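[1] please work out how this folds:
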Amino acid sequence: MTYAKDVGEVSALHRPRKDLEQVTMKSGTVGRFIAPGSVTEGRYGLYEWNMLPRSGGASPHFHKTFSEAFYVMVGTVRLYDGAQWVDAEPGDFLYVPEGGVHGFSNDGDEPASMLILFAPGAPREDYFRALADIGKTGRTFTPEEWTAFLAEYDQYDAPPAS
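    Below is the predicted model of the structure:
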């Protein structure tokens, strides 16, 4: 039990759409920080991911300290479940526990949107800001620098299953 009082309290937080931070990736994908861990006391992080047609996404990878879940809202999102790529449509959901290999992309000719949930609420907004900045500035990395950058944000490349 995380709440021990016998009466409820006024503690809800409303975040109007216009006040939500967002980043734009080099691909044109727009990520909106709906409820990052800094807002949810680290319990979870919720992000909206709006992808342009053929905008790519995240190659197969895994995380050691948090789970990730995807809920498709619009279009078709290619989701990698660690064994195969599947075409996920609105209403489809994918849960990935810690250590689970996964990836996503929009390879289609239409825009796609999904919600991404991280639990606990890892500070993924720092990672997303850094990625957007890398795309904006054109900064490049050696393979070793890229591996170190990803590890700083608990992200580790994983080759797709053969």
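[2] these two touch, right, residue 107 and residue 75?
    No. Under the criterion of CB atoms under 8 Å, residue 107 lies out of contact with residue 75, with a separation of 10.8 Å. C-beta here means a position set from N, CA and C on the backbone, and glycine is covered the same way.
[3] more neighbours, the two?
    Ranked by neighbour count (other CB atoms under 10 Å), residue 107 and residue 75 place residue 75 first, with 19 against 16.
[4] if I look at the more buried one, how far off is residue 127?
    Noted for residue 75: a distance of 24 Å to residue 127, by CB to CB, to the nearest Å.
[5] just residue 78 next, same as before
    Counting by CB to CB, the gap from residue 78 to residue 127 is 21 Å.
[6] residues touching the most centrally placed residue in the chain, list them.
    For the chain, the residue sitting closest to the mean C-alpha position, by CA atoms, centre = their mean, is residue 116 at 4.8 Å. Residue 116 makes contact with 46-49, 68-70 under the criterion CB atoms under 8 Å, 6 or more residues apart in numbering.
[7] quick one: residue 140 from residue 54, how far?
    In this structure, residue 140 and residue 54 are separated by 23 Å, where distance is defined by CB to CB.
[8] comparing the two, which residue is more hemmed in?
    Neighbour totals were compared for residue 140 and residue 54, and residue 54 leads with 13 against 8 (other CB under 10 Å).
[9] which stretches of the chain form helices?
    Under the criterion DSSP state H, helices of the chain are mapped to 124-137, 143-152.
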